[in-house]
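**Student:** Let's see this in three dimensions:
(2 chains)
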Protein chains: 2
Amino acid sequence: MTCRPRLAVDMDEVIADAFSAQLAWYCATHNYRWTADMLEDHHFSDLADPAHTAMMENMLHEGQFFRTLPVMTGAQQALRHLQSRYDIFITTAAMEYPASCAAKFAWLQEHFPFISPLNIVFCGDKSILAADYLVDDNVRHFRNFSGQGILFSAPHNKTTNWTPRVTNWKDATTLLENLHDTNA
Amino acid sequence: MTCRPRLAVDMDEVIADAFSAQLAWYCATHNYRWTADMLEDHHFSDLADPAHTAMMENMLHEGQFFRTLPVMTGAQQALRHLQSRYDIFITTAAMEYPASCAAKFAWLQEHFPFISPLNIVFCGDKSILAADYLVDDNVRHFRNFSGQGILFSAPHNKTTNWTPRVTNWKDATTLLENLHDTNA
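**Tutor:** Here you go, the predicted structure:
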């Protein structure tokens, strides 16, 4: 039995920049010129033509889009560093796009090779996770989670009320180091 | 927060008959004539020509094999019945064959449509599951699991020492009903 605390980390908008990749696709393909203000507290589907949203949905369902995502700034360095204190699990809600699993797995192998495949979890309801902390951009995953949810800032959650919140991986590392030292 | 106990259920050899499907393939394709005694406490890879095992491994990696598996006898009726007492999660170690996720998801949608996609978990290390019971054919998944492991009999675990053990879904239903009533 391990005595190290367990840290669960979401993928999209936390370690994988699905937002930037989708924004780039909407701009390049359909010439949208959204500002940061327009995107705040919105999903792309709130702003785009439904036909364009449907094309994006098709891409997401096909799965390979997830293989191409940029890594969120500082995520690799942060998780590599936090591995000295935490058992880290990557926990992603993949059931909306089941074909994305293989692409997400390959992406993790490439960008986070220091995370064991045994520590990758594709799930829907994240309350099934037995972990001490969950870093996620959606507060709905914190509701029945038995540990502490840590909200990772994203354009769609700018006005969501949740504490603690972190705005980037530097913040997250500081918070998680402090939580570890306080509870050690 | 739910107050119902949570039951985690493995797929292969528990609700999906991967054993029979692999046995049928080895017999039909390479003319093996294994008896039940020969298969006891063995995996196919212990008995088959390495070249044939490699062909099977390729099929497993390709993933579609998992779409075709027969349902284990009584599994549908049992899970449908146990849903009145338990929140049921299907928890399968898919990371060895990441391409199997989409096939396994489609298989579950066809044969267990009453299980929500949100309650499907693909993982490696099952100690990440926050559940009260785990029905599985591999005792290694019970080691760091915080709940009670229930061993589902399979040819490869015939002499494995574990209590409680169930030999089919009728047994499993009786045990899980008793456990529920005892702890209610």
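**Student:** which other helices and strands contact the biggest strand by length in chain A?
**Tutor:** When chain A is parsed with DSSP state E, its longest strand is strand A:87-93. Under the contact criterion of 3 or more C-beta pairs under 8 Å, 6 or more residues apart in numbering or on different chains; DSSP states H and E, strand A:87-93 touches strand A:6-9, strand A:120-123. Where C-beta positions appear, they are placed from N, C-alpha and C, glycine not excepted.
**Student:** so which of those comes closest to A:Y133?
**Tutor:** Closest approach to A:Y133 among those (C-beta to C-beta): strand A:6-9, 5.0 Å.
**Student:** Show me what the longest strand of chain A pairs with in its sheet, parallel or antiparallel.
**Tutor:** Strand pairing for strand A:87-93, using DSSP bridges, gives strand A:6-9 (parallel), strand A:120-123 (parallel).
**Student:** Which neighbouring elements make contact with whatever helix or strand comes next after that strand?
**Tutor:** Going down the chain from strand A:87-93, the next helix or strand is helix A:100-111, by DSSP states H and E. Packed against helix A:100-111 by the contact rule (3+ C-beta pairs under 8 Å, 6+ apart) you find strand A:120-123, helix B:100-111.
**Student:** try 10 Å this time
**Tutor:** For helix A:100-111, the helices and strands in contact under the criterion 3 or more C-beta pairs under 10 Å, 6 or more residues apart in numbering or on different chains; DSSP states H and E are helix A:50-62, strand A:87-93, strand A:120-123, helix B:100-111.
**Student:** Go through those and pick out the most buried.
**Tutor:** Ranked by mean neighbour count under mean count of other C-beta atoms under 10 Å in any protein chain shown, these are led by strand A:120-123, which reaches a mean of 26.
**Student:** List the strands paired with the next helix-or-strand element following that one, with their directions.
**Tutor:** The element immediately downstream of strand A:120-123 (helix or strand, assigned by DSSP H and E) is strand A:133-136. Sheet pairing for strand A:133-136, assigned by DSSP bridges, gives strand A:6-9 (parallel), strand A:148-152 (parallel).
**Student:** would a markdown table of those with mean pLDDT and mean neighbour count be doable?
**Tutor:** As requested, the strands paired with strand A:133-136 are exported to a markdown table (pLDDT from 0 to 100; neighbours: other C-beta atoms under 10 Å in any protein chain shown):
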| stretch | mean pLDDT | mean neighbour count |
| --- | --- | --- |
| strand A:6-9 | 98 | 25 |
| strand A:148-152 | 98 | 21 |
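**Student:** Perfect, I'm done here.
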